[in-house]
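>>> Starting from these lines, generate the structure:
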Amino acid sequence: MHPFTQALRALCAAALVATAGTPLTAIAAYPDHPIRLIVPYAAGGGADTAARMIARKLAPLIGQTVVVENKAGGATQIGTAYVAAAAPDGYTLLMGTANLATNSVLYAKLPYDVQKNLVPVVWATDVPVYLLLPAASPIHTLDALKLAATQQQGLTFATAGTGSIPHLAGEQFAHQTGIALRHIPYKGSSEAATALVGGQVQLSFDNLAPVYPQVQAGRLRAVAIAAAARNPELPDVPTLTELGVPLVASSWWGVMAPAGTPQTAIALLNRQINAVLADPEVRRYFAGLGMRATGGTPEAFGRHITDETDKWRAVVRQAGVKIEE
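Next up, the predicted model:
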C-alpha cells in the first residue's frame, strides 16, 4: 500500500474514533439551516413586532434566515408548549413573554414547566405599564383620583385581559394606594382603549404601544408610568414612584429554547441577539413603541423570570385573582 494512502486511512480512522458518540449538532456548524422563532401571540401585536425586528437583524449575523411563526392561543400556552416539546437543537426558539412568570401562578396545570422544559437565551425587551385616563377627565393628580374614588364609591379600570401584567399592576396599585378599583377585562387593548375613551370605565392600565395612537390623537392621557425612570419619548409623564406609589410593572419579552439545547448554540444566539439589541436602529424603533431594549446573559434572564414569578404570585394571592379555565 502506498505510504500516503496508508496515512490517510489512519487519519480517517482516528477521526471516527474522536467523533464516536458525539451528537451531530456538535459536529455540524451551527446554524446550518433556518431557525424558527415562535411567537405565542397572533401577528401584529407587540411581541410579534419585536420578534420580527430581531429576526430581520439577526439573520445576517448568523448567516441563516430566522422565520417568525405565530402560534397563538391559551394565554401563550399553545406556542410555549410547542417550543418546550421541540427538538433541543437550537432551530426552534420561543419569543417568551411575561406569561412565563404569570401563567405558573394563575393556572393550576400547564402543558409545560418553565424551569424544566425551557432554558433562557436572552432578555430582549422591557415594556412598562402606564396609568391612563380619558383626555377630558378632570382628574390630574393622585389626590384627585383618590377623591373621585371616594365620592363614587370606587372606580373601574380596564385592561386587555384578566391575568395580564397591566391587570396585576392595577391590582397592586389599588392595594398600595387604598383606592377602591374594580377590574373590567376586555378582549385586547383596542377594546379597552375604546371603552376608556367612551367613558365606560374611569381609567386603565396598559402598555404604551397599543394605545399610543389614542394618546397622540389627544383622546387619552398618560398620567404615570410604572417604571424606574421616565420614558424619554414622553418626558412629561412622571413615574408612579415620583407620585408616591413605589410600583414598577412591565410586560417583557425574551428568547427561550427547549431544555437540552447545546450551550454552544445558546452562547452564539445570546451574543448575536445582544448585538441586535445594541443596534441604534433597533433601540430607536423599540423606544418609539414604548419598549426598552434590554439584553444581558442567559443567567440574568433566568433570574428575572424567577423574580417576576415570585412578585406576581404575591399580588395574585393578595388580590384573589382567578382565571376561568
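
>>> which residues of the stretch 201-325 of the chain score low on pLDDT?
Where the stretch 201-325 of the chain drops to pLDDT under 70, the residues are 324-325.

>>> where along it do the strands fall?
Here the stretch 201-325 of the chain has its strands, by DSSP state E, counting those that start in this stretch, at 203-207, 220-225, 250-258, 292-293.

>>> Report how many residues lie close to the closest residue to Tyr186 other than its chain neighbours.
Nearest non-adjacent residue to Tyr186, counting by CB to CB, 6 or more residues apart in numbering: Ala192, 4.2 Å away. Using the backbone N, CA and C atoms, a C-beta is placed for each residue, glycine as well. For Ala192, the count of nearby residues is 28 (other CB atoms under 10 Å).

>>> what do you get for Ile179?
20.

>>> For the residue nearest to it when sequence neighbours are not counted, give me its contacts.
With sequence-adjacent residues excluded and distances taken as CB to CB, 6+ apart, Ile179 is closest to Ala149, at 4.7 Å. With contact set as CB atoms under 8 Å, 6 or more residues apart in numbering, Ala149 has these partners: Leu155, Ile179, Ala180, Leu181.

>>> Assign the second one to helix, strand or coil.
Under DSSP: H, G, I helix; E, B strand; the rest coil, Ile179 falls in the coil class.

>>> And the helices in the stretch 101-250 of the chain?
Per DSSP state H, counting those that start in this stretch, the stretch 101-250 of the chain has helices spanning 114-117, 142-151, 165-177, 189-197, 212-216. These are given in chain order.

>>> mean confidence score for the second one?
The predicted model assigns helix 142-151 a mean pLDDT of 94.

>>> May I have it as CSV, with CA atoms only?
The C-alpha coordinates for helix 142-151 follow below in CSV (Å, rounded to 0.1, in the frame of the first residue of the first chain):
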residue,chain,number,x,y,z
LEU,A,142,-53.3,61.2,42.5
ASP,A,143,-55.1,63.0,45.3
ALA,A,144,-57.9,63.9,42.8
LEU,A,145,-58.1,60.2,41.8
LYS,A,146,-58.4,59.2,45.4
LEU,A,147,-61.1,61.8,46.0
ALA,A,148,-63.1,60.7,42.9
ALA,A,149,-62.9,57.1,44.1
THR,A,150,-64.3,58.1,47.5
GLN,A,151,-67.1,60.2,46.0
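
>>> That one: how far from the chain's middle?
32 Å (CA atoms, centre = their mean, to the nearest Å).

>>> Now do that helix and strand 220-225, the angle between them.
110 degrees (axes from the mean of the first three to the mean of the last three CA atoms, to 10 degrees).

>>> all numbers from here: first residue = 573
Let's use 573 as the start, then, which means that last one is helix 714-723.

>>> Any buried residues in helix 714-723, and which?
By 16 or more other CB atoms under 10 Å, the buried positions in helix 714-723 come out as Leu714, Leu717, Lys718, Ala720, Ala721.

>>> Name the nearest residue to the third one, ignoring sequence neighbours.
For Lys718, the nearest residue in space outside its immediate sequence neighbours is Ile751; the separation is 5.7 Å by CB to CB, 6+ apart.

>>> Who is Leu703 paired with across the strands?
Beta-bridge pairing for Leu703 (DSSP bridges): Phe777, Ala796.

>>> surely it meets Arg793?
No: the pair Leu703 / Arg793 is not scored as a contact, 9.6 Å apart, by CB atoms under 8 Å.

>>> For Ile626, the count of nearby residues, please.
There are 27 residues near Ile626, going by other CB under 10 Å.

>>> shouldn't it be in contact with Thr697?
No: contact status for Ile626 versus Thr697: not in contact, 9.0 Å apart, counting by CB under 8 Å.

>>> could you dump the buried residues of helix 714-723 to JSON lines with distance to Ala622?
Shown next, in JSON lines, are the buried residues of helix 714-723 (distance: CB to CB, whole Å):
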{"residue": "Leu714", "distance to Ala622": "31"}
{"residue": "Leu717", "distance to Ala622": "32"}
{"residue": "Lys718", "distance to Ala622": "36"}
{"residue": "Ala720", "distance to Ala622": "36"}
{"residue": "Ala721", "distance to Ala622": "35"}
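
>>> and the longest helix belonging to the chain, what does it pack onto?
In the chain, assigned by DSSP state H, the helix with the most residues is helix 870-891. Secondary-structure packing of helix 870-891 (3 or more CB pairs under 8 Å, 6 or more residues apart in numbering; DSSP states H and E): helix 671-678, strand 690-706, helix 737-749, strand 822-830.

>>> Rounded mean pLDDT for the longest one, please.
In this model, strand 690-706 carries a mean pLDDT of 97.

>>> what's the answer for the first one, then?
What helix 671-678 shows for mean pLDDT is 96.

>>> quick one: it to helix 870-891, angle?
30 degrees.

>>> Then the longest one?
Strand 690-706 and helix 870-891 meet at an angle of 50 degrees, taking the same axes, to 10 degrees as the criterion.

>>> how about strand 690-706 as PDB, C-alpha atoms only?
Below are the C-alpha coordinates for strand 690-706, written out as PDB (Å, rounded to 0.1, in the frame of the first residue of the first chain):
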ATOM      1  CA  LEU A 690     -37.200  25.600  28.700                       C
ATOM      2  CA  VAL A 691     -33.900  27.500  29.100                       C
ATOM      3  CA  PRO A 692     -33.300  31.300  28.800                       C
ATOM      4  CA  VAL A 693     -31.300  32.700  25.900                       C
ATOM      5  CA  VAL A 694     -31.600  36.400  26.300                       C
ATOM      6  CA  TRP A 695     -34.000  39.000  27.800                       C
ATOM      7  CA  ALA A 696     -35.000  41.200  24.800                       C
ATOM      8  CA  THR A 697     -37.400  44.000  25.800                       C
ATOM      9  CA  ASP A 698     -38.900  45.700  28.800                       C
ATOM     10  CA  VAL A 699     -42.400  47.300  28.200                       C
ATOM     11  CA  PRO A 700     -43.600  49.400  31.100                       C
ATOM     12  CA  VAL A 701     -47.200  49.700  32.100                       C
ATOM     13  CA  TYR A 702     -49.000  53.200  32.100                       C
ATOM     14  CA  LEU A 703     -51.800  54.600  34.100                       C
ATOM     15  CA  LEU A 704     -54.200  56.100  31.500                       C
ATOM     16  CA  LEU A 705     -57.200  58.500  31.800                       C
ATOM     17  CA  PRO A 706     -59.500  60.000  29.200                       C
END
